[in-house]
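**Student:** kindly generate the corresponding structure for this input.
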Amino acid sequence: MGEVEKLMDKALTPEESKLFDLMVKLVQDYEDRNVQQLDAAGPLDILKHLMGARGVAQKDLWQAFGSKGAASEVLSGKRSISKAQAKRLAEFFHVSADLFI
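**Tutor:** Residues are numbered from 1 along each chain as shown. Predicted coordinates:
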């Protein structure tokens, strides 16, 4: 993405113009595949993805949920994530709380 931004403000040669078009297409394709998947995912799916990507286990999150039982219920799908839990999860993972609501 940084390379695309560098070329945006520059007078491009024909070769650079073709390279720029290709890089823009690759970025768009990547975003289409990955951003749509994120939009389709629910809060629990996003939480599980973040846990897997960062090597976080259920036992590491019980404080964000308030108790081990609440963590278990949320991760098993028996209970949804509360707003307070979403805020604590957002702080833990350094992401927006909106992902969990």
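
**Student:** what about the nearest residue to Lys68 once chain neighbours are set aside, neighbour count?
**Tutor:** The shortest distance from Lys68 to any non-neighbouring residue, by CB to CB, 6 or more residues apart in numbering, is to Trp62 (4.5 Å). Where C-beta positions appear, they are placed from N, C-alpha and C, glycine not excepted. Other residues within reach of Trp62, judged by other CB atoms under 10 Å, total 15.

**Student:** quick check: Leu99 vs Lys18, distance?
**Tutor:** With distances taken as CB to CB, to the nearest Å, Leu99 is found 37 Å from Lys18.

**Student:** same question, Ala41
**Tutor:** 35 Å.

**Student:** which one's more surrounded, those two?
**Tutor:** Ala41 (14 against 11).

**Student:** need the contact partners of the lowest-mean-pLDDT helix or strand in the chain.
**Tutor:** Lowest on mean pLDDT, DSSP states H and E among the helices and strands of the chain sits helix 2-8, with a mean of 72. With CB atoms under 8 Å, 6 or more residues apart in numbering as the test, helix 2-8 has contacts from 16, 19-20, 23-24, 27.

**Student:** can you give me the buried ones in that helix?
**Tutor:** By 16 or more other CB atoms under 10 Å, the buried positions in helix 2-8 come out as Leu7.
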